[in-house]
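Undergrad: next input, structure requested:
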Amino acid sequence: MNLDLDETQSLLLESVRACLAKEVPFDRVRELEREQRHDAALWKRVCEQGWSALPVGASFGGAGGSLVDAGLLVLELARRAAMVPIAEVFACARVIEDHAPAARAEALLPAIIAGDVVPVPALAEEEGRLDDVTASVAEGRLCGEKTFVDYACAATHHLVSAREDGETGLYLVDARDPGIASEALLSIGRTPVSVIRYEDAPAERLAGPESCHALVRLCRILAAVHCVGAMQQALEMTVAYARVREQFGKPIGSFQAVAHHGANMAMRVASSRLVVFEALCDLDHGAGSDARIALAKASASLAAPEVTMLAHQIHGGNGVIEENDLYFFTLRGKERSLAWGSAEECLAIAAESIDEPIEWL
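TA: Just a heads-up that it's a prediction; the model follows:
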């Protein structure tokens, strides 16, 4: 896969970086963390700029971009520690476009692009399980509990996996219904996450079991993109610091041990970025297997804590204090490394297909 950006992607990223540098100062992110809320002003800006339309087909009023394009936007927002549900909304929008009835997709997707509808996935149940759905729907009413629902505080709707008459499906639920109770959790990454309890909440069936599987796959690979963004930013901050921090009259980056650490960080970032964006490209072309996506997530999940810890070692005592912006990416990278399947869980998924033949050419 050629990882060079085309002209359109380069222009998009230049625009995104310039906007985020102006709109998202890190002090504001710290304030949002303390208050445990999302960046509503930035989300409004995302929609106004048309970024929310990126992965949606032109027939639904979107930009018709690829998942790779969407991944690049998620990566840039991750590099700014932005607290907006971009990955969650992108995943929901793509699943609605691909699996929901055409009439519902035509009604929902323009509203998602405009920011009037903000859907987030609600799939995980007790202990974060994704493969054992116990939430149930009867006569259009949903009962059950979902854990680790990211950005529930920002959502207008949830896409919930539930069983009805023995079959799993994906259901659209209005997050403002009185039959829904939300309990905020403390997250290692300090982003908003909640437990949601549904008690006879009205639920509209959008699609069957294949849509639940598709939503998990998209959320998993976009979490891997977030890991890549966090460690790429940590790497760049560390290289810049090593060039100016002096010891024994020389920049510490000139010492062999520090240079080795920097090289190891760069290799881990480059390798993870490659496998993650290859998996996104495969998904775009309908060829992404569960094993391929799981391996990409495992690579990013293993690399993110390693890269950010090396960043802290090179920063020394300066990297320990929260006045240093490095902590954003250490915490976010660790959080996303665990979300939607830890490295161990993803390697277990990949191991299920280890004896299958591989077509190398």
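
Undergrad: what score does A53 have for pLDDT?
TA: Looking at A53, its pLDDT reads 96.

Undergrad: which ones are touching the nearest residue to L20 once chain neighbours are set aside?
TA: Nearest in space to L20, with sequence neighbours left out and distances taken as Cβ to Cβ, 6 or more residues apart in numbering, is R80 at 4.4 Å. (Glycine included, C-beta is placed from N, CA and C.) Residues near R80 by Cβ atoms under 8 Å, 6 or more residues apart in numbering: 20-21, 24, 29.

Undergrad: now R80: how far from N318?
TA: Noted for R80: a distance of 21 Å to N318, by Cβ to Cβ, to the nearest Å.

Undergrad: tell me how the chain divides into domains.
TA: 7-114, 119-207, 212-351 (automatic domain parsing).

Undergrad: can you redo those as a markdown table with distance to P357?
TA: Output for these, formatted as a markdown table (distance: least, Cβ to Cβ, whole Å):
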| stretch | distance to P357 |
| --- | --- |
| domain 7-114 | 27 |
| domain 119-207 | 25 |
| domain 212-351 | 12 |
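
Undergrad: quick one: what helix or strand has R197 in it?
TA: strand 193-207 (DSSP states H and E).

Undergrad: check which element follows that strand along the chain.
TA: Next element after strand 193-207 (DSSP H and E): helix 209-244.

Undergrad: now the closest residue in space to S66 that isn't next to it in sequence: how far from T168?
TA: Excluding the flanking residues, the one nearest S66 by Cβ to Cβ, 6+ apart is D284, at 4.9 Å. Distance, D284 to T168, using Cβ to Cβ: 25 Å.

Undergrad: again with P305
TA: From P305 to T168 the distance is 33 Å (Cβ to Cβ).

Undergrad: which parts of the protein are strands?
TA: 119-122, 136-138, 141-150, 157-164, 167-174, 180-185, 193-207, 246-247, 250-251 (DSSP state E).

Undergrad: quick one: average pLDDT of the fifth one?
TA: Rounded to a whole number, the mean pLDDT of strand 167-174 is 97.

Undergrad: try the longest one
TA: Model confidence over strand 193-207 averages 97 on the pLDDT scale.

Undergrad: gap between that strand and the chain center?
TA: With Cα atoms, centre = their mean, to the nearest Å as the basis, strand 193-207 stands 21 Å off its chain's centre.

Undergrad: with stretch 184-201 instead?
TA: The answer for stretch 184-201 is 16 Å, by Cα atoms, centre = their mean.

Undergrad: now stretch 331-341
TA: 9 Å.

Undergrad: just the C-alphas of that stretch, formatted as PDB.
TA: Provided in PDB are the C-alpha atoms of stretch 331-341 (Å, rounded to 0.1, in the frame of the first residue of the first chain):
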ATOM      1  CA  LEU A 331      -3.600   8.400  28.500                       C
ATOM      2  CA  ARG A 332      -5.500   8.500  25.300                       C
ATOM      3  CA  GLY A 333      -3.200   5.900  23.700                       C
ATOM      4  CA  LYS A 334      -3.600   3.500  26.600                       C
ATOM      5  CA  GLU A 335      -7.400   4.000  26.700                       C
ATOM      6  CA  ARG A 336      -7.800   3.200  23.000                       C
ATOM      7  CA  SER A 337      -5.400   0.300  23.200                       C
ATOM      8  CA  LEU A 338      -7.900  -1.400  25.500                       C
ATOM      9  CA  ALA A 339     -11.100  -0.200  23.700                       C
ATOM     10  CA  TRP A 340     -12.900  -2.600  21.300                       C
ATOM     11  CA  GLY A 341     -10.500  -5.400  22.000                       C
END
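
Undergrad: check which residues of it are buried.
TA: Residues 331-341 are the ones in stretch 331-341 that count as buried (16 or more other Cβ atoms under 10 Å).

Undergrad: looking at the strands of the chain, which is closest to Q313?
TA: strand 246-247 (13.8 Å; Cβ to Cβ).

Undergrad: so how far is I321 from the nearest residue to A339 once chain neighbours are set aside?
TA: Closest residue in space to A339, ignoring its immediate chain neighbours: A223 at 4.7 Å, by Cβ to Cβ, 6+ apart. As judged by Cβ to Cβ, A223 and I321 stand 28 Å apart.
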